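# Predicted coordinates and the sequence they were generated for:
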Amino acid sequence: MTSESLPYPVLITGASSGIGLALTHLHLSRGDHVIASSRHPDHSPLATLNDHNDRLRLIPSDLATAQGPASLAAATAGYTDHLSRVIHCAGVLHDSGHNRSPEKRLEDLCAENLEYSFRLNAWAPILLAQGLLPLLRQQPAVFAAISARVGSITDNHLGGWYSYRSSKAALNQLLRTFAVEARRRAPKLTVLALHP
């Protein structure tokens, strides 16, 4: 990344904590316009940032719901006709409030937790890409999603973490497939899976 500000906004999902919040701070400090999305941005550190920065727009969105990615794409399109970057940071490894934790053995698997991991870690980013493609096609742009090394099939020597590993492996394949299609349909778009 250069220190020069980007010509169009950056969309960051999962922006209320962790990597997403750090990337929001980084882009704002560079002078970029940022669209920050999370489930409850008004009840997070983003609310304080928003009070003092006219380059930050907050959009509440639950990307684990069926309509979440399309709703976020539509809200984003209402704000800009192009994006410089999309950085999908929303994801789940564990959620103590809903009794979701990384499975250590086969007996720990639960269909509900598997589905939730896939919805947020794999399906949400590709459905978001689908909705945002018109905002990413005309100018140079980047669509990036935070993946994880544990999603590698050949690098899995420890086992465990069934939901997280498999959903990140699915994300990697979905992004790879999107990148192949983007070469034809959006040649100025770079598609990335990032291991933080």
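The structure has been received and is ready for your questions.
# ok, how many other residues are close to Ile153?
10 (other Cβ atoms under 10 Å). Placement of C-beta: from N, CA and C, glycine included.
# Apologies, that question was intended for Arg149.
The burial count for Arg149: 11, using other Cβ under 10 Å.
# And Ala66, what's its pLDDT?
With respect to pLDDT, Ala66 has a value of 93.
# hang on, it in a helix?
No. Assessed by DSSP: H, G, I helix; E, B strand; the rest coil, Ala66 does not belong to a helix; its assignment is coil.
# so how far is Arg119 from it?
Separation of Ala66 from Arg119 (Cβ to Cβ, to the nearest Å): 8 Å.
# what's the answer for Ala169, then?
Counting by Cβ to Cβ - Ala169 and Arg119 are separated by 15 Å.
# cool, and Ile35?
From Ile35 to Arg119 the distance is 22 Å (Cβ to Cβ).
# same deal with His25?
Going from His25 to Arg119 by Cβ to Cβ gives 28 Å.
# Pick out whichever of the two has more residues nearby.
Taking neighbours as other Cβ under 10 Å, His25 and Arg119 compare with Arg119 leading, 19 against 14.
# and the helix or strand bottoming out on mean pLDDT in the chain, how far from the chain's centre?
For the chain, the helix or strand with the lowest mean confidence is helix 45-51, at a mean of 78 (criterion: mean pLDDT, DSSP states H and E). Computed by Cα atoms, centre = their mean, to the nearest Å, the chain-centroid distance of helix 45-51 equals 20 Å.
# just checking, what packs against that helix?
Judged by 3 or more Cβ pairs under 8 Å, 6 or more residues apart in numbering; DSSP states H and E, helix 45-51 is in contact with helix 18-29, strand 34-38, strand 56-60.
# Pipe those into a markdown table and attach distance to Lys188 and mean pLDDT per row.
Output for the helices and strands packed on helix 45-51, formatted as a markdown table (distance: least, Cβ to Cβ, whole Å; pLDDT from 0 to 100):
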| stretch | distance to Lys188 | mean pLDDT |
| --- | --- | --- |
| helix 18-29 | 20 | 94 |
| strand 34-38 | 20 | 96 |
| strand 56-60 | 24 | 95 |
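# list the helices and strands the longest helix along the chain packs on?
As assigned by DSSP state H, the longest helix anywhere in the chain is helix 162-185. Secondary-structure packing of helix 162-185 (3+ Cβ pairs under 8 Å, 6+ apart): helix 111-118, helix 124-136, strand 141-146, strand 189-194.
# Nearest the geometric middle of the protein, what residue?
Central residue of the chain (Cα atoms, centre = their mean): His88, 1.5 Å from the mean position.
# show me what contacts that residue?
Thr13, Gly14, Ala124, Pro125, Leu128, Phe143, Ala144, Ala145, Ile146 (Cβ atoms under 8 Å, 6 or more residues apart in numbering).
# For beta bridges, what are the partners of it?
Counting by DSSP bridges, His88 forms beta bridges with Thr13, Ala145.
# could we number from 28 for the rest of this?
All set: I'll call the first residue 28, so the last point we hit is now His115.
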